[in-house]
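Novice: Here you go, sequence then predicted model.
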Amino acid sequence: MMTAPPRKPATVLIVDDEAGLRRVLGRYLERHGYRVLSAGTAESAYELLAAETADALLLDIHLPTMSGLALYLAIIHRWPALEGHIAIMTGDAEAEEVRTWLNHHHCTVLRKPFNLQHVADWVSSALQRDRSTGAMDA
């Protein structure tokens, strides 16, 4: 009797300039069975995505040299299959710039401070949509 090879864990990329937040989120998601990558800048996140495959992204809006909103657009332009698999993390969800941007780009917003279980639930939900539609299967 043949057994199926173990399924490799889904990979989540956390992009936030706050190292402590990346660590907390990363540990929590790893305990839930995910492989976690992290980046503190937009540039390092983009380079990581060029080298590694991510199944979901948690993206802070306020990054040092490039806004997370601009990075979101660059990512979905280069990797369109990631659309719907990126959540924006912010404490400024009501700011005019953010509201205007969200009116034009439909994307999940995780408001800081957030409940870690809500983050894990979003990741699971994004990956379930993926499996039910086969969108990212190659």
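Specialist: In hand now; what should we look at? Owing to the predicted nature of the structure, the values given are computational and were not obtained by experimental measurement.

Novice: Run through the helices of this structure in chain order.
Specialist: 19-31, 42-51, 68-78, 96-104, 116-133 (DSSP state H).

Novice: Identify whichever of these lies nearest to residue 7.
Specialist: Among the helices of the chain, the nearest to residue 7 by CB to CB is helix 116-133 (10.6 Å). Where you see a C-beta, it was placed from the backbone N, CA and C, and this is true even at glycine.

Novice: contacting residues around the residue nearest to the spatial centre of the chain?
Specialist: A centroid search over the chain (CA atoms, centre = their mean) returns residue 57, at 1.2 Å, as the residue closest to the centre. With contact set as CB atoms under 8 Å, 6 or more residues apart in numbering, residue 57 has these partners: 12-15, 45, 75, 82, 85-87.

Novice: Ok, residue 25 next?
Specialist: Applying CB under 8 Å, 6+ apart, the residues contacting residue 25 are 14, 16, 36, 58, 116, 119.
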